[in-house]
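> Would you be able to build a 3D model of this:
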Amino acid sequence: MAEAQSWPSIRKNGLLSTTALLDLFQVRGELRRSLESKHRPESVEIRHAKYGVAVIRDQKPMRERALAECLVGMTPEQWYRTLNRHVFFWVAPHRLENLLRARAYRGRTHTVITVDTGRLFELHGANLRLSPINSGSTIYNPRPRGANTFQRIADYPFEDRRKARGLANAVAELAVQYAVPDISQCAVRVDHRRDGRVIEIIYRETK
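Residues are numbered from 1 along each chain as shown. Coordinates of the predicted model:
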């Protein structure tokens with residue numbers, strides 16, 4: 001789920017984490033420190049003479065007090081930096097639908113990129129990580145989180161999670177460290193959605 005109208009830039013420059021985007025746009029100083037290590041209650045536009053305008057999306061589902069209480073072995077600043085070094089994918093459709101219909105995001109148009117996860121693994125397997133929780137939210141019953149939240153596929157307790165939570169909730173998020181520069185090779189469909197409804201298909205893989 002990305003900002004509306006962002007696919008042309010994503011296709012050209014890759015699907016970038018906040019840190020990778022700040023690197024590309026050469027953002028430095030206090031603005032960078034704030035964007036990487038603090039809570040973002042609203043989305044922030046950044047600009048570059050060559051790359052134009054990009055939007056770093058908000059972190060509205062994060063509540064700072066709840067975050068401080070559920071962190072294990074990390075400070076909030078370290079957690080925000082960890083999140084900002086990853087690109088995130090939902091692995092179950094119901095999680096995407098919940099976010100699209102959330103109060104903060106419904107009524108707006110969003111770009112939704114669907115990828116072939118097998119292809120993503122072939123290209124970025126060493127940098128793939130799995131999370132058992134929605135790492136960017138502390139709204140409802142926030143689960144403990146810390147340095148061990150994002151695990152390599154080989155280390156992830158998938159079978160235990162599947163038995164305890166069911167297949168649909170065995171994995172909450174798939175994350176890729178830093179960036180997916182070749183996202184166009186993984187994407188099978190890109191569309192614009194509003195209130196959970198597809199309003200425009202802007203790319204569909206053909207074979």
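> which residues touch the one helix or strand in the chain whose mean pLDDT sits lowest?
The weakest-scoring helix or strand in the chain, judged by mean pLDDT, DSSP states H and E, is helix 93-100 (a mean of 92). Contacting residues not belonging to helix 93-100 are listed as 1, 90, 105-106, 110, 112, 134, 168, 172, 193, 195-196 [Cβ atoms under 8 Å, 6 or more residues apart in numbering]. C-beta: built from backbone N, CA, C; applies to glycine.
> Now, those that are in strands?
Secondary structure assignment (DSSP state E) places 90, 110, 112, 193 from the contacts of helix 93-100 within strands.
> From Glu173, how far out is the nearest residue to Thr149 once chain neighbours are set aside?
If the residues on either side of it in the chain are set aside, Thr149 comes closest to Ser131, at 5.4 Å by Cβ to Cβ, 6 or more residues apart in numbering. Plainly put, Ser131 is 4 Å away from Glu173 if you go by Cβ to Cβ, to the nearest Å.
> so where do the strands sit in the protein?
2-3, 15-16, 44-48, 52-56, 71-72, 86-90, 109-115, 128-131, 145-146, 173-177, 179-180, 187-194, 197-204.
> Which one of those lies nearest to Val27?
Nearest of these to Val27, taken as Cβ to Cβ: strand 44-48 at 5.8 Å.
> in its sheet, what does the closest one sit against?
Strand 44-48 has its sheet partners listed here by DSSP bridges as strand 52-56 (antiparallel).
> what mean pLDDT does the strand it pairs with have?
The predicted model assigns strand 52-56 a mean pLDDT of 96.
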